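# Sequence below, structure please.
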Amino acid sequence: MLTLQGNTRIAFLLFFASHIPITLLVDGQAFFRRSFYPQALQDVVDWYALTFKDTLMEHPVEPWFSSLVSIEVIFQLPFFFLAIYAILQQSKHP
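Predicted structure coming up:
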């Protein structure tokens, strides 16, 4: 079986690791109640939506978009942890 090595391995680790906080702290605001988040994080999402004219992240969020984010939280977020674990284990068992 081929293994990830060198810069490719690092790139994958950084990709998966960076998406954990992004999913929880930014995208999650479209799924969880905003009151779960500190005002500073709410302001970041509001700034992002306004600056980049991202109407999907403007509040209130449309129910269909919230359902898509729920899929991200339920399926993709656990996969990020699994992928990091698998990549790290790969280096222990070549």
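# Nearest residue to residue 45 in space, ignoring adjacent ones along the chain?
Closest residue in space to residue 45, ignoring its immediate chain neighbours: residue 29 at 5.1 Å, by Cβ to Cβ, 6 or more residues apart in numbering. Where you see a C-beta, it was placed from the backbone N, CA and C, and this is true even at glycine.
# Would you quantify the distance from the one you found to residue 78?
The gap separating residue 29 from residue 78 is 19 Å, by Cβ to Cβ, to the nearest Å.
# Contacts for the helix or strand where residue 87 lies, please.
Using DSSP states H and E, residue 87 falls within helix 77-92. Applying Cβ atoms under 8 Å, 6 or more residues apart in numbering, the external contacts of helix 77-92 come out as 3, 4, 9, 12, 13, 16, 17, 19, 20, 23, 24.
# And what about residue 28, helix, strand or coil?
helix (DSSP: H, G, I helix; E, B strand; the rest coil).
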